[in-house]
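S.K.: quick one, fold the following:
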Amino acid sequence: MKAQANALHLAAAASLVALLGCAAQPPATGQTAGKGTVSMDALQGKTWVLAQFDDGSQAPAEPPVTAVFAAGKVSGSGGCNQYSAIVTSPSPGALRVGPVAATKRFCLGAAGENEQRYFAALAKATGYAIEDGRLVLTWDREGQSPGRLVFRAGG
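M.R.: Numbers count the residues shown, from 1 in each chain. Below is the predicted model:
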């Protein structure tokens, strides 16, 4: 009887070890396990500086394009004008950006063009994730790889 009890305990322990071994490993520091794992709260309290446009090109360092998430809004600088938009998150990893309201400063050249590119991409964003400490806003593009705006944490 005692041998059967010991064998049962050993089998239960082996099953527990097997289950724990199959459990997902936690993500590395500064990373998320994937879309849907981070709440919007993780985006707040930082100024996010655009590092890369959706076509993979680098965003200019000056003037910086920024995004600050707080109180149900995203706001910042488009590189020329200050902007604000309502942002909602129906679930962790998903977001919706309302129409962008911006100041009306007229911007020539690259700053104005980059701002328009940014505002258009921001309006399309439907998802977000933190990847290697960077904020990535994403959206679907039919028949192509997803659109991506990549931000680094700023000061």
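S.K.: helices along this structure, start to end?
M.R.: Ranges of helices in the chain, per DSSP state H, are 2-22, 109-124.
S.K.: least reliable of those by average pLDDT, please.
M.R.: The weakest mean pLDDT among the helices of the chain belongs to helix 2-22, with a mean of 39.
S.K.: surely Pro99 meets Ala85?
M.R.: Yes: counting by CB atoms under 8 Å, Pro99 does reach Ala85; the two are 6.5 Å apart. To be clear about C-beta, it is placed using only N, CA and C from the backbone, and glycine gets the same treatment.
S.K.: how about low-confidence regions in the chain?
M.R.: For the chain, the stretches flagged by pLDDT under 70 are 1-37, 155.
S.K.: can you show me the strands along it?
M.R.: Applying DSSP state E to the chain gives strands spanning 48-52, 66-70, 73-77, 82-88, 96-97, 101-102, 127-131, 134-139, 147-153.
S.K.: returning to that earlier point: what do Pro99 and Ala85 both touch?
M.R.: Shared contacts of Pro99 and Ala85, defined by CB atoms under 8 Å, 6 or more residues apart in numbering, are found at Ala123.
S.K.: those two: who's more crowded?
M.R.: Between Pro99 and Ala85, counted using other CB atoms under 10 Å, Ala85 has the larger neighbour count: 19 against 8.
S.K.: contacts only, for the more buried one.
M.R.: Ala85 makes contacts with Lys73, Val74, Ser75, Val97, Gly98, Pro99, Val100, Ala101, Leu122, Ala123, as judged by CB under 8 Å, 6+ apart.
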